[in-house]
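Chemist: Fold the stuff below for me.
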Amino acid sequence: MSPTNIFAPASTPADAIAELSMLVLGTTGAIFAVVCALLIYTLVRFRRTRDDGPEPAQVYGSNQVELAWTVVPMLIVVVLFLATARVITRVQNAGRPDGAIQVVAIGHQFWWEYRYPGLNVVTANELHVPVSDPAHETPTFITLLSADTDHSFWIPRLAGKTDLIPNRINGTWIEPTETGLYLGQCAQYCGTQHAKMLLRVYVDSAEDFNAWVSEQQQPANQDEKEAAGRRVFESTACLNCHAIAGTSGTGRFGPDLTHLMSRHTLASGAAENTPENLRFWIQNPDAVKPGSLMPAMKLNEAELDALVHYLETLR
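Modeler: Below is the predicted model:
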């Protein structure tokens, strides 16, 4: 099964969109089949033969035929319009229950920032949400903001595409019914690395989600053995863009690194989060994501080793 298959919905709004898609495809497929059948019938029934007689009498206008090909398409369009309006209204005007999770998603070139206002959690690129139990519904409502240009938030199996527009607040919501990893993509061209601005949504059980939140709320590891790496972070341009709780780094231009190693990927899904890839990413970001706004830090080998060892402790 494709991880971005809209016909395998695993969330309430995605269910509604999939049902509408099947209605539209079924209706247009039936029209296509009827038109093809009529064309084939006409080609076979009225094909040229050797004993063709004179041209048959020509019909110049038929009120019944013109009425049929005007009214029937209008009725089809009206039905599809009403069905679409019903789904849009149902999805956009959904009420937010008391137990809903609230997330603020901010699109940056070219990564995602996630803030959980009620839980005091900040993370990047990998969104964690709880599965919604029918007996205890737990949808996740997502406020969508842009830090620079237009982006678009789209996880096909969980919800429809919603744009992030500068100076405008948009929103979407998901209500996953199955645990697992769901993939998505920024669906609005936003620059050179638009294709690598990937979305990863981890739908956890209630227990796993609570455990993840508890871990994310913990302060960053401040192991004195890694003090050298921390000094590299605090004495270079790293702290201008990145934040690590408990250090002087409070930057907002890049991802929060407080729990960097709890994430499975680097650079918004462009590479697996391993010490080797982390080192290469810091050393030469443009080789991983050409056009990335992260500069090469030009660290010497000792500084690079110390910084990577320090970042590896941030779990």
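
Chemist: helix or strand right after the longest helix anywhere in the chain?
Modeler: For the chain, the longest helix by residue count, based on DSSP state H, is helix 12-45. Moving toward the C-terminus from helix 12-45, the next helix or strand (DSSP states H and E) is helix 63-92.

Chemist: Run the angle between that following helix and helix 12-45 for me.
Modeler: Computed by axes from the mean of the first three to the mean of the last three C-alpha atoms, to 10 degrees, the angle separating helix 63-92 from helix 12-45 equals 160 degrees.

Chemist: domains for this protein, by residue range?
Modeler: Using automatic domain parsing, the domains assigned to the chain come out as 1-38+65-217, 224-312.

Chemist: Lowest average confidence across those, which one?
Modeler: Per-segment mean pLDDT for those reaches its minimum on domain 224-312, at a mean of 89.

Chemist: wait, what's in contact with T84?
Modeler: Contact analysis of T84 by C-beta atoms under 8 Å, 6 or more residues apart in numbering lists L20. (C-beta placed from N, C-alpha, C; glycine too.)

Chemist: and the gap between it and D15?
Modeler: According to C-beta to C-beta, to the nearest Å, T84 and D15 sit 15 Å apart.

Chemist: C190 too?
Modeler: In terms of C-beta to C-beta, C190 sits 29 Å off from D15.

Chemist: neighbour-wise, which of those two wins?
Modeler: Shown here are C190 and D15; by other C-beta atoms under 10 Å, C190 has more neighbours (20 against 13).

Chemist: Q109 is in contact with that one, correct?
Modeler: Yes: C190 is in contact with Q109 according to C-beta atoms under 8 Å; the separation is 6.1 Å.

Chemist: what touches both of these two?
Modeler: Jointly contacting C190 and Q109 under the rule C-beta under 8 Å, 6+ apart are D148, T149, M197.

Chemist: Need phi/psi at the last one.
Modeler: Dihedral pair for M197: phi -100, psi 80, per degrees, to the nearest 10.

Chemist: so how many other residues sit close to it?
Modeler: M197 has 27 neighbours, counted by other C-beta under 10 Å.

Chemist: My read is that it contacts Q188, right?
Modeler: No: with contact defined as C-beta under 8 Å, M197 does not count as touching Q188 (9.5 Å).

Chemist: Could you name every residue contacting both of these two?
Modeler: By C-beta under 8 Å, 6+ apart, M197 and Q188 have these common neighbours: H151.

Chemist: Let me know the distance separating Q216 from L257.
Modeler: Separation of Q216 from L257 (C-beta to C-beta): 12 Å.

Chemist: Give me the more crowded residue out of those two.
Modeler: Of the pair Q216 and L257, L257 is the one with more neighbours under other C-beta under 10 Å, namely 24 against 18.
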